[in-house]
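1. Quick one, structure for this:
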Amino acid sequence: MTSLTMPTTYASVERNAISTWPWRTAIVLLVLFAMANWAWSTSQRWYASDNADVGALVERISDGQINRQLAFVMMGVYAVGLLMIPATRPAKLKIIIAYPLIVFIGWAFLSALWSVDHTQTLKRLIVFAAMICMVAAMLRRYDIREMTQIAFIASMLTMGIGIVNEMRILAVDSPPFGLWRFGGTMHPNHAGLNCTVVMLSSLYLFRFSRQKLFLLAFALGTAILVMTKSRTALMSAMTAVTLYFFLAATTSRAMGMLLLGAWGIAAVMWLSSMQMLPDLNSVVSMGREDVKKVDVQKLTGRTDIWHYAIMQGNRNPNRLLTGYGYETFWTPQNALGVSQYVKFKISEGHCVYLDWYLELGLIGGGLYAFVLLIAIARWTVASRILCSPAAAIAAATLIGALVHGFAESSLGDASLPTLFVYCAIAGATLERPDEVPS
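-> You can find the predicted model right below:
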């Protein structure tokens with residue numbers, strides 16, 4: 001039992017066990033997500049998307065991809081295998097968090113009954129089921145430290161392979177700098193999320209081992225994140241890293257960080273009032289030609305996407321509470337419509353909360369928001385009371401996801417970062433013996 005009067009006990013458990021590395025699960029996840037999501041020519045494809053025909057995108061939505069379907073079937077099988085092994089992490093549920101999460105998952109599966117495209121919903125629910133099984137298996141077998149190690153291994157290898165692939169692509173096809181963004185083996189927005197996983201896991205692992213390798217990994221992850229030019233990923237990463245430092249710090253240091261942050265905000269406000277800051281459009285464009293001419297007040301085109309999505313969604317008032325079915329609002333017709341409306345290829349709402357609302361209605365969207373917020377509160381309180389870096393990394397992960405979700409839908413996709421966000425949410429529903437004050 002961990003005592004409130006002995007806050008170092010929980011951290012010492014993490015430190016003593018840091019030498020165990022679950023390589024097998026990390027490599028399995030790397031291979032499966034590579035099968036599902038990687039594309040070796042992704043950097044060549046994405047920067048031409050503004051003028052590309054949306055027909056290929058519509059076809060992928062309609063038919064799916066065999067390698068992706070196979071990857072998630074294999075993930076489900078692997079997860080079931082892990083679940084059959086005797087549990088190494090016994091715990092009981094915290095009903096106040098577990099109940100709404102269970103209801104949310106059940107609501108997602110029930111949405112197949114009223115979906116506008118039953119076939120597409122069932123296909124996507126198979127992927128969702130595989131992710132749920134994998135999350136359950138990881139929580140049953142691994143603690144947060146081990147899951148952070150899995151995250152570090154898989155995300156670092158993903159980034160490393162992406163760097164090699166990007167160099168290969170640039171050697172034969174070098175786009176103008178304004179059109180180039182680092183993608184590696186994924187869309188730059190997903191590559192940015194992967195870099196965030198690298199950064200957070202590196203900080204946590206460095207805290208215990210003090211190996212400079214983790215600092216190097218953090219620096220590399222930060223550099224590649226900037227190269228992706230993914231502004232939402234950069235903002236969420238900065239927020240998550242800052243929160244981790246704050247939660248993992250002692251009370252005096254945390255107060256110092258708050259004071260420093262307040263002075264920083266005051267300085268920015270003063271410089272802005274004196275017109276001494278650079279033009280906002282130049283800052284947020286990050287050198288990208290595709291957004292330099294877009295009005296920042298429209299969040300570089302996102303408000304147009306949201307307007308179209310809400311307009312389409314509200315055409316059927318009966319769907320207000322139930323939505324259009326799990327991952328089924330963005331049908332080929334809506335993908336084609338919004339692409340023509342905003343003049344570039346898109347098949348998502350660029351807001352994960354909007355997508356949940358459109359797919360599962362006010363009921364499902366509200367449940368997701370509630371579960372996310374209560375999980376953040378649970379891990380934040382645990383990190384301060386127990387002085388637990390593990391709880392701090394879980395809280396930071398979810399805060400980063402919260403921020404990212406306002407302007408991107410990437411964390412609604414089945415990917416490695418999404419898996420760890422789901423693990424952090426589901427982990428908040430468990431009450432471990434070493435997290436209960438004596």
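2. contacts and neighbour counts: CA atoms only from here.
-> Will do.
3. who's in contact with residue 103?
-> Each residue near residue 103 by C-alpha atoms under 8 Å, 6 or more residues apart in numbering is listed here: residue 367.
4. What's the separation between it and residue 371?
-> According to C-alpha to C-alpha, to the nearest Å, residue 103 and residue 371 sit 10 Å apart.
5. got it, and residue 65?
-> For residue 65 relative to residue 371 (C-alpha to C-alpha), the value is 31 Å.
6. next helix or strand past the least confident helix or strand in the chain by mean pLDDT?
-> Every helix and strand in the chain was compared by mean pLDDT, DSSP states H and E; the lowest is helix 8-16, with a mean of 43. Remark: after helix 8-16, the chain's next helix or strand is helix 23-37, criterion DSSP states H and E.
7. Show me which residues of that following helix are buried.
-> 25, 26, 29, 30, 31, 32, 33, 34, 35, 36, 37 (16 or more other C-alpha atoms under 10 Å).
8. Which one of those is nearest to residue 165?
-> Closest to residue 165 out of those is residue 34 (13.2 Å), distances taken as C-alpha to C-alpha.
9. which intervals of this structure have sub-threshold pLDDT?
-> By pLDDT under 70, the low-scoring segments of the chain are 1-19, 42-64, 88-90, 177-178, 250-301, 335, 337-348, 432-438.
10. Looking at it, which helix is longest?
-> Secondary structure assigned by DSSP state H gives helix 352-385 as the longest helix of the chain.
11. Show me what the helix or strand following that helix is packed up against.
-> Beyond helix 352-385 on the C-terminal side, the first helix or strand identified by DSSP H and E is helix 389-405. Packing contacts for helix 389-405, counted by 3 or more C-alpha pairs under 8 Å, 6 or more residues apart in numbering; DSSP states H and E, involve helix 8-16, helix 144-172, helix 188-209, helix 231-248, helix 352-385, helix 416-427.
12. can you list the ones you listed in a markdown table and add distance to residue 400?
-> Formatted as a markdown table, the helices and strands packed on helix 389-405 follow (distance: least, C-alpha to C-alpha, whole Å):
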| stretch | distance to residue 400 |
| --- | --- |
| helix 8-16 | 23 |
| helix 144-172 | 15 |
| helix 188-209 | 9 |
| helix 231-248 | 5 |
| helix 352-385 | 10 |
| helix 416-427 | 9 |
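13. hey, where'd the helices end up in the stretch 1-150 of the chain?
-> Taking DSSP state H, counting those that start in this stretch as the criterion, the stretch 1-150 of the chain contains helices spanning 8-16, 23-37, 42-46, 55-63, 66-84, 95-110, 118-141, 144-172.
14. what would the ones you listed look like in a markdown table with distance to residue 415?
-> Formatted as a markdown table, the helices of the stretch 1-150 of the chain follow (distance: least, C-alpha to C-alpha, whole Å):
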| stretch | distance to residue 415 |
| --- | --- |
| helix 8-16 | 27 |
| helix 23-37 | 7 |
| helix 42-46 | 16 |
| helix 55-63 | 17 |
| helix 66-84 | 11 |
| helix 95-110 | 18 |
| helix 118-141 | 9 |
| helix 144-172 | 11 |
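15. To residue 365, which of these lies closest?
-> Among those, the nearest to residue 365 by C-alpha to C-alpha is helix 95-110 (8.7 Å).
16. so how far is that closest one off the chain centroid?
-> Chain-centre distance of helix 95-110: 20 Å, with C-alpha atoms, centre = their mean, to the nearest Å.
17. contacting residues for the spatially closest residue to residue 313 that is not a sequence neighbour?
-> Excluding its sequence neighbours, the residue lying closest to residue 313 (C-alpha to C-alpha, 6 or more residues apart in numbering) is residue 358, at 6.4 Å. Shown in contact with residue 358 (C-alpha under 8 Å, 6+ apart): 310, 313, 323, 324, 329.
18. so the last one is in which element?
-> It stands for residue 329. Counting by DSSP H and E, there is no helix or strand that carries residue 329.
19. Can you report phi and psi for it?
-> Dihedral pair for residue 329: phi -60, psi -40, per degrees, to the nearest 10.
20. So what's the residue count around it?
-> Residue 329 has 28 neighbours, counted by other C-alpha atoms under 10 Å.
21. Let me see the contact set for the residue nearest to it when sequence neighbours are not counted.
-> Once flanking residues are discounted, residue 329 sits nearest to residue 359: 5.7 Å by C-alpha to C-alpha, 6+ apart. Residue 359 sits next to 322, 323, 324, 325, 326, 327, 328, 329 when contact means C-alpha under 8 Å, 6+ apart.
22. so which of these is the most crowded?
-> Greatest neighbour count in the contacts of residue 359, by other C-alpha under 10 Å, goes to residue 326: 34 neighbours.
23. that's a helix at it, yeah?
-> No: with DSSP: H, G, I helix; E, B strand; the rest coil as the criterion, residue 326 is coil rather than part of a helix.
24. Is it in contact with residue 105, as I believe?
-> No: using C-alpha atoms under 8 Å, residue 326 makes no contact with residue 105, being 10.4 Å away.
25. right, so of the helices and strands packed on helix 389-405, which gets closest to residue 123?
-> Closest to residue 123 of those is helix 352-385 (C-alpha to C-alpha; 14.5 Å).
26. isn't residue 229 right up against residue 188?
-> Yes: contact criterion C-alpha under 8 Å: residue 229 and residue 188 qualify, at 7.4 Å.
27. about what we covered before: so between residue 65 and residue 371, which is more surrounded?
-> The neighbour count for residue 65 versus residue 371, taken as other C-alpha under 10 Å, is higher for residue 371 (23 against 13).
28. how close does the residue lying closest to the more buried one once chain neighbours are set aside get to residue 91?
-> Nearest residue to residue 371, sequence neighbours excluded (C-alpha to C-alpha, 6+ apart): residue 101, at 6.1 Å. Noted for residue 101: a distance of 17 Å to residue 91, by C-alpha to C-alpha.
29. Compare the two (neighbour count), which wins?
-> residue 101 (20 against 15).
30. Next up, the contacts around that one.
-> By C-alpha under 8 Å, 6+ apart, the residues touching residue 101 are 367, 368, 371, 426.
31. could those be laid out in CSV, adding distance to residue 420?
-> Converted to CSV, the contacts of residue 101 look like this (distance: C-alpha to C-alpha, whole Å):
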residue, distance to residue 420
367, 19
368, 16
371, 15
426, 10
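32. nearest to residue 141, of these?
-> Distance to residue 141, by C-alpha to C-alpha, is smallest for residue 426 among those, at 13.5 Å.
33. Tell me who's in contact with that closest one.
-> Neighbours of residue 426 in contact, by C-alpha under 8 Å, 6+ apart: 98, 101, 135, 139.
34. so how far is residue 223 from the residue lying closest to residue 228 once chain neighbours are set aside?
-> Excluding its sequence neighbours, the residue lying closest to residue 228 (C-alpha to C-alpha, 6+ apart) is residue 182, at 4.4 Å. Separation of residue 182 from residue 223 (C-alpha to C-alpha) stands at 10 Å.
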